[in-house]
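Chemist: 3D model of this:
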Amino acid sequence: MSRKRGIFAEDKAIEYLQNLGYKILERNFYSRFGEIDIIALKDNVLHFIEVKSGKYDPIYQITPTKLSKIKKTAQFYLNRTKVDFDFCFDALIISQNIEFIENITI
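Modeler: Numbers count the residues shown, from 1 in each chain. Predicted coordinates for the structure are as follows:
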């Protein structure tokens, strides 16, 4: 995906999340382990959100390797910010519709 399309998808994702009552804390949070597209808070739960877009099942772009990088980056964020919230890893899929999948890990 081009960076321009990625930014467009993330803009749509942020608008969608804000309409659901999420407070956006970070966008494109980077660490040496990887990047998290959106970090948001709702009902005292911290959500680490991976945004994917495309025509053909973009959820499959979230591989075990990608998920591992997201987890390591989330741990870095938690250690750095010292926040004390429950948290989960989510996916927001933007294709013809928007699909929000909470808690994508087992």
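Chemist: all contacts plus neighbour counts: C-alpha atoms, from now on.
Modeler: Fine.
Chemist: looking at the chain, which helix or strand is least sure?
Modeler: Least confident element among the helices and strands of the chain, by mean pLDDT, DSSP states H and E: helix 3-19 (a mean of 88).
Chemist: what's next to the next helix or strand after that one, contact-wise?
Modeler: Using DSSP states H and E, the helix or strand that follows helix 3-19 in sequence is strand 23-30. Strand 23-30 has contacts (Cα atoms under 8 Å, 6 or more residues apart in numbering) with 14, 17-18, 35-42, 73.
Chemist: just the buried residues out of those, in ChimeraX syntax.
Modeler: Command for ChimeraX, covering only those of those found buried under the criterion 16 or more other Cα atoms under 10 Å:
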select :14,17,35,36,37,38,39,40,41,73
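Chemist: mind picking the two most distant members of the contacts of strand 23-30?
Modeler: Gln18 and Thr73 (22.9 Å; Cα to Cα).
Chemist: where does pLDDT dip in the chain?
Modeler: 1-2, 106 (pLDDT under 70).
Chemist: now the residue sitting nearest the centre point of it. Its backbone dihedrals?
Modeler: The residue lying closest to the centre of the chain (Cα atoms, centre = their mean) is Ile49, at 1.5 Å. Per-residue torsions, Ile49: phi -120, psi 130 (degrees, to the nearest 10).
Chemist: okay, the angle between the host helix or strand of Ile38 and strand 23-30?
Modeler: Here Ile38, judged by DSSP H and E, is contained in strand 35-42. Following axes from the mean of the first three to the mean of the last three Cα atoms, to 10 degrees, one obtains 170 degrees for the angle between strand 35-42 and strand 23-30.
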